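1. I need the structure of the sequence given here:
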Amino acid sequence: MPVERVRERERERERKRYRERERERERERERERERERERERERERERERERERERERERERERERERERERERERERERERERERERERERETGRESARIAASRVYALHSLSRALSSRLSLFCRALSYL
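-> Have a look, this model is predicted:
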């Protein structure tokens, strides 16, 4: 009987070791599952960071497009100011031409009156001869 009891105790110890190894393997599998979940969370965080970087790049592209539109509007305003300056120069040139023409008309009119007066005097003088 003692031999049988010794064997039984041995089998019992072996079953305990087996159960302990099984529990340890299960704990290891659970740790591995947890590490995998953590890796997945990290991958998800990285994907989210990448999406955020992409959104930021898109916002930057949109800001650049807006700056370009503003530069184009400014160039258009400058072209319009230049057209307005050109129209003003043309108006000024027209006014200057009108002043010159008026001055010439006045000078011719004055000359005509002076010549007319002299011609009248000359004719009167001739009539006395």
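
2. what's the local residue count around Glu78?
-> A count of neighbours around Glu78, defined by other C-beta atoms under 10 Å, yields 10. Bear in mind the C-beta positions are built from the backbone N, C-alpha and C, glycine included.

3. where along this protein do the helices fall?
-> Taking DSSP state H, the helices of the chain run over residues 2-127.

4. what sits against Thr93?
-> The contact partners of Thr93, by C-beta atoms under 8 Å, 6 or more residues apart in numbering, come to none.

5. check Ser112 and give its pLDDT.
-> Among the per-residue scores, Ser112 holds a pLDDT of 89.

6. typo on my end, Met1
-> Met1 carries a pLDDT score of 68 in this model.

7. now do Glu68
-> 98.

8. ok, Glu32 next?
-> According to the predicted model, the pLDDT of Glu32 comes to 98.

9. quick thing: my sequence starts at 653, can you match it?
-> Happy to do that; since the first residue is 653 now, the last one works out to Glu684.

10. distance of the most centrally placed residue in the chain from Glu728?
-> For the chain, the residue sitting closest to the mean C-alpha position, by C-alpha atoms, centre = their mean, is Glu716 at 2.4 Å. Glu716 sits 19 Å away from Glu728 when distances are taken as C-beta to C-beta, to the nearest Å.

11. check Arg685 too.
-> Relative to Glu728, Arg685 is positioned 64 Å away (criterion: C-beta to C-beta).
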